[in-house]
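**Q** Whatever this is, show me its structure:
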Amino acid sequence: MITPLTTQLKTRHLPTAFVFLVFVFGMAALSVLNDAADVSTLERRELSQSPSVSFERVVDGDFTEDYAEFLQDQMVFRDEFRFAKSFVERQVLRRSENNGVYVVGDRIYDKFYGIEDHFIDRAARLINEITKDTRSANVLLSIIPTKAQMLDRNKYLLSDQNELADTLKENTEAVYVDLMGLAKAGNERFYYASDPHWTTQGAIAAYEILAGALGFQPVRDYEFEAVTDSFVGSDWGKAASWSIDKDTIYLAHNDLLDGMSACRFESPETSTCIDSVYFRDRGDDLDPYDVFLGGLSPIIAIENPLAETDRELVIFKDSYAHSLAPFLAQHFKTVTLFDLRFVRRQFILDNFDLSQKDVLFLYGTSVLNTDPQILN
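**A** Residues are numbered from 1 along each chain as shown. Predicted coordinates:
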């Protein structure tokens, strides 16, 4: 039985329901009418576009699913809502973490928690196998810490990345070169504020350590060029914080660096070569860090015609090596980079003679700890 009180309560909520419906359907209508964006700079990905309509797609439900994804990706003020959500969670709800990262001061830090022993043990075993297969007399191993190593581990619930590095140091036959000290308080400039990678300054600091271990006096004469001052790294979209400024990417120049060429190999017969180690056209891509050697590729070769030696270097690596390798190439005739996530090691052993070359394993802790294919 409907009483006057029940009717009054229902009537009282009508304005709220009306405003809610207007908001929901209004946002949906604006999203449909608004010009669809191709990419999201904040999220560093391509956005869904309006799906094609067909009887079959409507019947099997594919159209409904794709259209819901399209509306979600193309919602007006999407970025503003993500920033507002992040602000409320951090400033109002006092949550220190957002999407797996911490905002501390004016920088973003990853949450490095939990060391995956089975991945690390596997990496040690594979490094030893590859070391044996290369038959090189000079094999080095270096581990790159993430920015999280700079933070208070108890306060931010973080694991000590030194444990990971120590395990590999103790269980591999390569000569260990310690880079873990780069991630300490005072060295924040060695990493981008909005991205996991190290800056050109950080890459140079690592290069100077590695050059010494390889028997070279580091080169310290450079001029620097800002290729972009609006770099937003992969952490920027996760944090969605107004307090984080965009980064500047610097390119280093001297006669040696400017005289190099780089080739990216998709297959033994297919390659893209330029007379530079900097792929400037990538500076406008979703990930401007790809300006260094053009980004991910199975095989990248750097040639240095001005090298004072005939020595050659092979680097088994992840993307941290892209900004570092040109500095090491100042001392080598050729530097070849292999990404074993995209090329089988047996293919390398069958097609490349590594016996007379220096070999460097160079991997970040975050990749070693999460990617079982890193040394496939």
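**Q** for the chain, what spans make up the helices?
**A** 4-33, 55-60, 62-73, 78-87, 117-134, 153-156, 161-171, 200-213, 234-239, 255-258, 321-328, 345-351, 365-368 (DSSP state H).
**Q** For the nearest residue to Phe361 once chain neighbours are set aside, give me its contacts.
**A** Nearest residue to Phe361 in three dimensions, chain neighbours excluded: Leu141, at 4.5 Å (CB to CB, 6 or more residues apart in numbering). Bear in mind the C-beta positions are built from the backbone N, C-alpha and C, glycine included. Contact partners of Leu141, counting by CB atoms under 8 Å, 6 or more residues apart in numbering, are 127, 168-169, 172, 174-177, 360-361.
**Q** so what strands line up beside the longest strand seen in the chain?
**A** Using DSSP state E to assign secondary structure, the strand with the most residues in the chain is strand 223-231. Note on strand 223-231: by DSSP bridges, its sheet partners are strand 247-253 (antiparallel).
**Q** Where do the strands of the stretch 251-376 of the chain begin and end?
**A** Along the stretch 251-376 of the chain, counting by DSSP state E, counting those that start in this stretch, strands occupy 261-267, 270-274, 299-303, 312-317, 334-338, 358-364.
**Q** follow-up on the earlier one: I'd like the contacts of Leu141 laid out as a markdown table, including pLDDT and neighbour count.
**A** Listed next are the contacts of Leu141 as a markdown table, based on pLDDT from 0 to 100; neighbours: other CB atoms under 10 Å:
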| residue | pLDDT | neighbour count |
| --- | --- | --- |
| Ile127 | 94 | 21 |
| Leu168 | 97 | 22 |
| Lys169 | 97 | 18 |
| Thr172 | 96 | 19 |
| Ala174 | 96 | 21 |
| Val175 | 97 | 14 |
| Tyr176 | 98 | 17 |
| Val177 | 98 | 19 |
| Leu360 | 98 | 28 |
| Phe361 | 97 | 24 |
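**Q** Quick check: the closest residue to Asp247 other than its chain neighbours vs Glu116, distance?
**A** Distances taken as CB to CB, 6+ apart put Phe231 closest to Asp247, at 4.2 Å, once the chain neighbours are dropped. Look at Phe231 and Glu116: by CB to CB, to the nearest Å, they are 30 Å apart.
**Q** Between these two, tell me which one has more neighbours.
**A** Between Phe231 and Glu116, counted using other CB atoms under 10 Å, Phe231 has the larger neighbour count: 21 against 15.
**Q** residues contacting that one?
**A** Counting by CB under 8 Å, 6+ apart, Phe231 touches 192, 194-195, 246-249, 288-289.
**Q** Widest-spaced pair of these?
**A** Distance extremes for those: the farthest pair is Lys246 and Tyr289 at 13.0 Å, using CB to CB.
**Q** Between those two, which has more neighbouring residues?
**A** Using other CB under 10 Å, the more surrounded residue of Lys246 and Tyr289 is Tyr289, with 22 against 14.
**Q** Would you quantify the distance from the more buried one to Phe119?
**A** Noted for Tyr289: a distance of 24 Å to Phe119, by CB to CB.
**Q** for Ala211, same thing?
**A** For Ala211, the distance to Phe119 - CB to CB - is 29 Å.
**Q** Hmm, Tyr250 and Ile204 touching each other?
**A** No - using CB atoms under 8 Å, Ile204 makes no contact with Tyr250, being 10.0 Å away.
**Q** Extract the residue ranges of the stretch 51-200 of the chain that are flagged as low pLDDT.
**A** 51-96 (pLDDT under 70).
**Q** go on, the stretch 251-376 of the chain?
**A** The model of the stretch 251-376 of the chain has pLDDT under 70 over residues 268.
**Q** Pull the number of nearby residues for Ala137.
**A** Counted with other CB under 10 Å, residues neighbouring Ala137 total 10.
**Q** Surely His253 touches Glu225?
**A** Yes - contact status for His253 versus Glu225: in contact at 6.3 Å, counting by CB under 8 Å.
**Q** Could I get the pLDDT score of the residue nearest to Phe190 when sequence neighbours are not counted?
**A** The shortest distance from Phe190 to any non-neighbouring residue, by CB to CB, 6+ apart, is to Gly202 (3.1 Å). For Gly202, the model assigns a pLDDT of 98.
**Q** does Gly202 really touch Ala183, like I thought?
**A** No - here Gly202 lies out of contact with Ala183, judged by CB under 8 Å, at a distance of 9.2 Å.
**Q** which residues are in contact with both of the two?
**A** If you check Gly202 and Ala183 against CB under 8 Å, 6+ apart, the residues they both contact are 190-191.
**Q** Per the annotation, how does the chain divide into domains?
**A** For the chain, the structural domains run 4-92, 114-368, going by automatic domain parsing.
**Q** Tell me which of those sits most buried.
**A** Of all those, domain 114-368 has the most neighbours on average by mean count of other CB atoms under 10 Å, namely a mean of 18.
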